[in-house]
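> sequence and predicted model, in that order:
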Amino acid sequence: MKFYASCGKGLEYLLADELAALGCTRATAAMAGANAEGSLADAQRAVMWSRLASRVLWPIAEFDCADEHALYAGAAAVAWPEHLAPNDTIAVDAHVSGEALTHARYAAQRVKDAVVDVMRAKTGARPDVDVEAPDLRLNLVVRKGRAILSVDLGGGPLHRRGWRQKQGEAPLKENLAAAVLMRGQWPKVYAEGGALLDPMCGSGTLLIEGALMAADVAPGLMRHGSASPTRWRGFDGAAWQTLVDDARKREAAGMNELRSVFFGRDLDPHAIRAARDNAATAGLAGLIDWQVGDVRSLDAAAVSVAGVASERGLAVCNPPYDARLAADPALYRALGDGLKRATPQWRASLLCGDAELAFATGLRAGKKYQLFNGAIECTLIVSDPVAPPQRDRDDAPALSEGAQMVANRLRKNLRKLKSWREREGVDCFRAYDADLPEYAAAIDVYVTDEASPRTFLHVQEYAAPAEIPEAVQRRRLNELLSAAREIFAVPRENVALKTRARGKGGSKYGVLGSRGELLTVREGDARLRVNLFDYLDTGLFLDHRPIRLRIADEAQDTRFLNLFGYTGAATVHAAVGGARMTTTVDLSATYLEWCADNLRENNVGGTRHRLVQADALTWLEADTQSYDLIFCDPPTFSNSKRADDFDVQAEHVRLLRAAVARLADDGVLYFSNNFRRFKMDEAAISQFARCEEISPQTIPADFARDARIHRCWRLQRLHH
C-alpha cells in the first residue's frame with residue numbers, strides 16, 4: 001500500500017531515509033513530505049518512531065474532484081460505518097489547490113457533511129465534530145482535479161511529543177529540532193562518546209530531543225502511550241500494542257545506560273526553569289546540566305564534567321530571529337566566537353535566520369541546508385570542526401612577486417608604527433595607503449574589543465588611471481589582498497573590500513552589501529560600533545582619532561555640541577570624558593540611531609544627551625543655548641531633499657559665525673574638514689573669532705604620509 005508522511009519543507013530527504021530505515025519497502029521525497037510503500041504495520045511504526053514526520057496519512061479513497069459536488073459525491077461513496085462507530089467524533093483537515101475549490105475550510109465542511117449524512121442514513125446516529133481530539137481525524141488533499149481522502153493515523157501533529165509543559169516565545173518544533181540533530185550526526189557523535197551543547201537553549205527543545213534520541217526513546221511513546229492514537233476501525237490495535245511493548249523495553253534499556261553529557265545554557269533564568277521542568281516531564285531530571293549564562297562568556301568550563309571538558313561532541317543552536325528576520329548579527333558572531341573557545345574540535349549544527357546571519361557566526365560551513373521554521377526560510381549550517389586548525393604556513397601557496405612587495409611594505413609599516421601603537425593603545429589604524437603607487441588602495445585594521453579579539457581589514461581601492469587595463473587592476477588588487485591576509489593572518493570573511501567598478505561617468509564604487517554585522521572596537525576609553533561591510537564609510541574616521549581624544553581630555557563638566565555628528569564618536573568621547581551634557585545634530589536618522597547605539601555601548605543615556613535630526617546650519621542659526629565645547633566636521637558637499645545644498649567652501653564663514661555665537665565666554669570650537677582645496681577666509685573669520693590652525697597636531701602617525709587628509713582649526717570668541 002502507498003501512504004504519505006508529511007513534514008516541514010526541507011526535511012523531505014531526511015524523512016524518506018528515516019521511513020526506509022523503519023521498514024518501508026520504498027520511500028521517496030515529495031513536496032513537504034515523503035511517499036512511502038509498505039504495510040499498515042509500517043505506517044503505524046512510523047507514527048510511533050518517526051522523529052521527522054508531521055503526520056502519517058493512510059489513504060482510504062481517491063476520486064476525481066472537479067467541483068464541490070464531485071467532492072461531496074466522492075466522500076459520500078465511502079462506506080463510513082467501516083471506518084468509525086456511530087457515536088465517534090470526527091475532524092477534517094483540508095488542503096486544496098486549483099480554481100474549482102479555493103477554500104480549504106469549505107472543502108472540509110463538505111466532507112464532514114458527506115460523512116454525517118452517510119452515517120445518519122446507515123446507522124441512525126450522527127457523529128459530532130471535535131477539532132481538538134477527535135476519534136477519527138481525516139485529511140483531504142485536492143490537487144489538479146484529484147482528491148485523496150486519508151486517515152490521519154497519528155490523530156494529530158506528530159511533532160508534539162508530550163513532554164512540553166512550558167515554552168518560550170518562539171519554541172522550535174520537535175521534528176525540526178530532530179532534523180538539526182540528525183544533520184549534525186548526533187546519534188553517531190553520541191555513540192562515539194560525544195556530548196551535546198546548546199548555548200542558547202530557550203525551553204530546551206534541542207537538548208531534550210537529543211537526549212531522548214540518545215536514549216532510544218520512541219517519539220510516540222509519551223504522546224500516545226498504550227492508547228491507540230486513533231479510533232479508526234481499520235487501525236491494528238494488537239500491532240500497536242506490540243509496538244508499545246517494544247518501545248517501553250528499548251526506553252528502559254536506553255535510559256538506564258544514558259550518559260549525562262548534555263549541557264544547556266541561556267541568559268534568561270525563566271527559560272532555564274522552563275527547560276528544567278520540561279526535562280523532568282520527559283524523564284530526564286538530573287541528566288542535563290542547565291546553566292544561566294551569556295553566550296559571550298561561553299568557554300570550555302560550560303561543557304565540563306567534574307572539571308574535565310568534553311573533547312568531542314555536537315553544538316546545536318537555534319539563535320533568535322523573528323518573522324522579519326530581525327536579529328542582531330553581533331549576537332550570532334558572539335555565538336560563533338563562544339563555540340570556538342568552548343568547543344573548537346566539536347561539530348556544530350546551527351539553525352540560523354538566513355544565510356547572512358549564518359555568515360555572521362564566523363564559522364566555516366562545511367554543509368548548508370535550507371529548512372523552514374514554520375513559514376520562515378532558514379539556513380542550517382554544519383561546521384566540522386568548529387575551529388579548523390590553522391593551515392601550516394609552509395603549506396600556504398607562495399605569494400607572487402607583486403604580492404610579496406606589498407607584504408614587505410606592510411611589514412615595514414607595522415614595524416614603524418609598533419612603538420606608537422603600543423604607547424597610545426591604538427587598535428584601529430591605517431596600515432597601508434597606496435605606499436606602492438601601482439597597488440592603489442588603503443588598508444585599515446580594526447581589532448575588536450572582546451574577550452577573544454578578532455582582526456578585520458577594511459580595504460578601499462582607489463581609482464586607477466584610465467590607461468590601466470581592467471585585468472591589470474584586478475590582478476594587482478588580488479595581489480594586495482593576498483599580501484594583507486598573509487601578514488595579518490585573517491580569513492577571507494574578515495576582509496571588507498570596497499572595490500571600484502567601471503560604469504557611466506568612469507570609475508565608481510559598486511553596490512555595497514547588507515551583511516548587517518556591527519563590530520565593537522575601542523578608542524581611548526570609548527567603545528564604538530563600526531560596520532565595515534555595508535557602507536562606503538565604516539562609522540569611524542580613523543584620521544580624526546587625535547581630535548576625538550583631545551575632546552575627551554577637555555570635556556570634563558562641559559556642555560558639548562557635535563555638529564554634523566555622523567555616528568557620534570566625538571559625542572561618546574565627550575560623554576565618557578565627563579561632559580555635563582551633549583547635543584548631537586545630524587540630518588540622518590540612521591546616523592543618529594547609530595550614535596544612540598554608541599552611547600548605549602558606553603552605558604551613557606538619559607535626557608542629558610540630546611540627539612537632534614535637523615540640517616545642522618539651519619538648526620544652529622535658530623539655537624539659543626550656549627556650549628563650552630563644539631566640534632564641527634562638515635562634509636565637503638551635500639544635498640538632501642530635506643535641506644538646502646551645502647558647500648563647505650561657500651558656507652564656512654556663515655557656519656563658523658553661527659557656531660562661535662553659541663560658544664560660552666571661554667568656550668572652544670574645533671572645526672575640521674577634508675576638502676583638499678579648502679581655503680579659510682581668515683579676514684572674515686577674524687572679525688568674530690580668534691582662529692588657530694592646528695592641523696599638524698591632529699594628523700596621527702598612521703596618516704603621516706598624507707598630511708592633507710584633513711585640516712583642523714581651534715576657534716574662540718572675540719571679546720570686545
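Cool, the structure landed. Numbering: from 1, shown residues only.
> so where's the stretch 301-450 of the chain uncertain?
By pLDDT under 70, the low-scoring segments of the stretch 301-450 of the chain are 306-307, 322-326, 390-397.
> and the helices in it, which stretches?
329-342, 355-360, 401-424 (DSSP state H, counting those that start in this stretch).
> how about the ones you listed, which one is nearest Thr448?
Of all these, helix 329-342 sits nearest to Thr448, with 8.8 Å by C-beta to C-beta. Where you see a C-beta, it was placed from the backbone N, CA and C, and this is true even at glycine.
> what's in contact with the closest one?
Residues from elsewhere that reach helix 329-342 (C-beta atoms under 8 Å, 6 or more residues apart in numbering): 197, 199-200, 295-300, 302-303, 309, 315, 317, 319-320, 346, 348, 350, 352, 356-358, 360-363, 386-387, 450-452, 454, 515-520.
> give the buried subset of those as a ChimeraX selection command.
Remark: buried members of these, expressed as a ChimeraX selection using 16 or more other C-beta atoms under 10 Å:
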select :197,199,200,295,296,298,302,303,315,317,319,320,346,348,350,352,356,357,358,360,361,362,363,386,387,450,454,515,516,517,518,519,520
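> looking at the helices of the stretch 301-450 of the chain, spot the one closest to Arg265.
Minimum separation from Arg265 across the helices of the stretch 301-450 of the chain (C-beta to C-beta) falls at helix 329-342, 9.3 Å.
> now do whatever helix or strand Ala574 lives in: which elements does it pack against?
Using DSSP states H and E, Ala574 sits in helix 569-576. Counting contacts by 3 or more C-beta pairs under 8 Å, 6 or more residues apart in numbering; DSSP states H and E, helix 569-576 packs against strand 526-530, helix 545-554, strand 559-563, strand 581-586, helix 589-601, strand 627-632.
> chain center to the next helix or strand after the last one, what's the gap?
Same thing as strand 627-632. Note on strand 627-632: by DSSP H and E, the next helix or strand toward the C-terminus is strand 637-640. With C-alpha atoms, centre = their mean, to the nearest Å as the basis, strand 637-640 stands 34 Å off its chain's centre.
> give the buried residues for strand 637-640.
Ser638.
> please apply the same query to stretch 531-538.
531-533, 538.
> on that earlier part again, just name the most buried of the helices and strands packed on helix 569-576.
Among these, strand 559-563 has the highest mean neighbour count (mean count of other C-beta atoms under 10 Å), at a mean of 26.
> show residues contacting that one.
Here strand 559-563 has contacts from 551, 568, 570-571, 574-575, 579-585, 616, 620, 625-634, 659, 662, 664, using C-beta under 8 Å, 6+ apart.
> in CSV, list the helices and strands packed on helix 569-576 along with mean pLDDT and distance to Ala16.
Converted to CSV, those look like this (pLDDT from 0 to 100; distance: least, C-beta to C-beta, whole Å):
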stretch, mean pLDDT, distance to Ala16
strand 526-530, 95, 46
helix 545-554, 97, 59
strand 559-563, 98, 61
strand 581-586, 97, 56
helix 589-601, 93, 47
strand 627-632, 98, 64
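> so which of these comes closest to Ala147?
Using C-beta to C-beta, the helices and strands packed on helix 569-576 put helix 589-601 closest to Ala147, at 53.4 Å.
> okay, domains of the chain per the record?
Here the domain parsing of the chain from automatic domain parsing is 2-152, 174-215+258-383, 393-509, 540-717.
> compare these and give me the one nearest Arg248.
domain 2-152 (11.1 Å).
> ends of that closest one, how far apart?
14 Å (C-alpha to C-alpha, to the nearest Å).
> OK, contacts around the residue positioned nearest the centre of the chain?
Taking C-alpha atoms, centre = their mean, the centroid of the chain lies closest to Leu357, which sits 3.1 Å from it. Leu357 makes contact with 319, 321, 325, 327, 329, 332, 379, according to C-beta under 8 Å, 6+ apart.
> may I see the PyMOL selection of the buried members of those?
One line in PyMOL is enough to select the buried ones among those; burial here means 16+ other C-beta under 10 Å:
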select buried, resi 319+321+327+329+332+379
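> hey, which of the domains of the chain is tucked in deepest?
It is domain 174-215+258-383: most buried of the domains of the chain by mean count of other C-beta under 10 Å, with a mean of 20.
> sorry, back to before: want to throw the helices and strands packed on helix 569-576 into CSV with distance to Leu417?
Compiled in CSV, those are given as follows (distance: least, C-beta to C-beta, whole Å):
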stretch, distance to Leu417
strand 526-530, 20
helix 545-554, 13
strand 559-563, 29
strand 581-586, 31
helix 589-601, 26
strand 627-632, 26
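> okay, Ala27 and Leu181: tell me how far apart.
According to C-beta to C-beta, to the nearest Å, Ala27 stands 20 Å off from Leu181.
> follow-up on the earlier one: now the contacts of Leu357 in TSV, please, with extra columns for distance to Val142.
Listed next are the contacts of Leu357 as TSV, based on distance: C-beta to C-beta, whole Å:
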residue	distance to Val142
Pro319	39
Tyr321	34
Leu325	33
Ala327	38
Pro329	43
Tyr332	42
Thr379	33
